[in-house]
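Return a 3D structure for these sequence lines:
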Amino acid sequence: MQIVFMNRLSRISGVDQEMYAQLWIGEEEGIWSLGWRDFSGGENYIENLWYEGGSWNEMLCVYRHELAVKMGDGYRPLIDGIFHEEDSLTGRNQEQLKLQYYSEYYGNEAIYEELCAWRRGKASSERKAPYILASNRLLRLLSTFLPHTPEELMQIPGVGEGKVAQFGADWLAITTAVAREHSFPLSWVYEVIEEESFVSWLYKQKEVKYKKQLERLRLRRILLQGIENGLGLEQLKVNSGVNRRELIEAVEELEREGYSVEKLIHVELSNMPQNEQEAIWNAYVELGDLFLKPVLHKVYGDDFSAAEGLDIYYERLRLIRIRFRREQTHKVGMATSF
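Below you'll find the model as predicted:
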């Protein structure tokens, strides 16, 4: 095996005791290997094989995730740029991340819960998903820094004039109800944060990010292999450990990226009457394909209900919509080619 990359990492453990390790990538006849050598016991090392296989992309995902775990635990590299990605962390981004870091450790939990309750009520009354109104991150920031005026609200990352106009009065009614021990502007935060703890926290954020990327990549591989082998959603659910709704979303993403998912659609719709499929198709032609509920009501009636639940009907709507959108895209492509 040929070693194509190696880096040394170290961390301080206990009183002036340095621990170090090696991270390496090797290749032999198209097979990639990725490993970690722990030298904490002296010159003899313990080796952990993190990955072995033929996919460079999967190996890179594993590399980034496992490395983020180690760096979150305090290891630092001899050679920088170790994640092999473009570093786009500007000064402004870093300031915002420091505010987020501080909010995760010093937020007012009672105020945070009150803001979450506000969001649930608002989402229900406006029939919107809660995350569209405000993210958990934003509510944490509000509960930590407790703005008292619209001008102070505007200093919270993620809050602009639109948010202030929509929700500012509601938020301020909650955040001004308690005393605060700090002031605006928030530049004092950057001075009280311990830099090494902040850096470790950043790597923990990378760990979460890369774990999601790795899970998405592995799900894609399972889906593509399963679809090629003629599996249906239920068997894919067993193989992947992912629920059917998430599988459908992943299938839609594969279709958008240009992969063929027609075998799966054929399997899932094989027992569905043709006239029912045509009625759904015609409803998309008439109503458009953005929203599923109007199509469901058009085909099955406004008061439609089913003993087995509506999930299976929405699955079929989404699978037929994949075909519908594919044909519309093909028509547009044909039209623009002339």
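
and residue 245, how many neighbours does it have?
Residues within reach of residue 245, counting by other C-beta atoms under 10 Å, total 12. Heads up, the C-betas are built off the backbone N, CA and C, glycines and all.

Can you give me the end-to-end span of stretch 186-199?
20 Å (C-alpha to C-alpha, to the nearest Å).

ok, residues contacting that stretch?
Defining contact as C-beta atoms under 8 Å, 6 or more residues apart in numbering, one finds that stretch 186-199 is touched by 95, 97-99, 101-102, 145, 155, 182.

of these, buried ones?
97-99, 101-102, 145, 155 (16 or more other C-beta atoms under 10 Å).

Out of these, name the two that are farthest from one another.
101 and 155 (16.5 Å; C-beta to C-beta).

in stretch 162-173, what counts as buried?
Buried, per 16+ other C-beta under 10 Å, within stretch 162-173: 163-164, 167-168, 171-172.

Need the contact partners of it.
115, 118, 122, 133-134, 142, 147-150, 153-154.

Could you tell me how far it lies from the centre of the chain?
27 Å (C-alpha atoms, centre = their mean, to the nearest Å).

If you average the pLDDT over it, what comes out?
What stretch 162-173 shows for mean pLDDT is 95.

and if you look at stretch 303-310?
88.

Just name the closest of the buried residues of stretch 162-173 to residue 332, please.
residue 163 (36.1 Å).

how about residue 255, what does it touch?
261, 322, 325-326.

Output the contacts of stretch 162-173 in TSV; the columns should cover neighbour count.
Formatted as TSV, the contacts of stretch 162-173 follow (neighbours: other C-beta atoms under 10 Å):
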residue	neighbour count
115	22
118	18
122	16
133	18
134	23
142	26
147	23
148	14
149	12
150	15
153	22
154	15
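
Model confidence at residue 279, what's the number?
97.

following the lengthiest helix in the chain, which helix or strand shows up next?
In the chain, with assignment by DSSP state H, the single longest helix is helix 195-228. Going down the chain from helix 195-228, the next helix or strand is helix 233-240, by DSSP states H and E.

and after that next one, which helix or strand comes next?
helix 244-256.

now that next one: mean pLDDT?
95.

Alpha carbons of it, in CSV - could you do that?
Taking Å, rounded to 0.1, in the frame of the first residue of the first chain, the C-alpha atoms of helix 244-256 are listed here in CSV:
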residue,chain,number,x,y,z
ARG,A,244,-40.4,6.0,4.4
ARG,A,245,-41.0,9.7,4.3
GLU,A,246,-37.2,10.4,4.5
LEU,A,247,-36.7,7.8,1.8
ILE,A,248,-39.1,9.5,-0.5
GLU,A,249,-37.3,12.8,0.1
ALA,A,250,-34.0,11.1,-0.7
VAL,A,251,-35.5,9.6,-3.9
GLU,A,252,-36.7,13.0,-5.0
GLU,A,253,-33.2,14.4,-4.5
LEU,A,254,-31.7,11.6,-6.5
GLU,A,255,-34.1,12.3,-9.4
ARG,A,256,-33.2,16.0,-9.3
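
got the buried residues for stretch 177-187?
Buried, per 16+ other C-beta under 10 Å, within stretch 177-187: 184, 186.

Could you check how far residue 8 is from residue 46?
Distance, residue 8 to residue 46, by C-beta to C-beta, to the nearest Å: 16 Å.

neighbour-wise, which of these two wins?
residue 8 (14 against 11).

Make sure that one is indeed in a strand.
Yes - assigned with DSSP: H, G, I helix; E, B strand; the rest coil, residue 8 falls within a strand.
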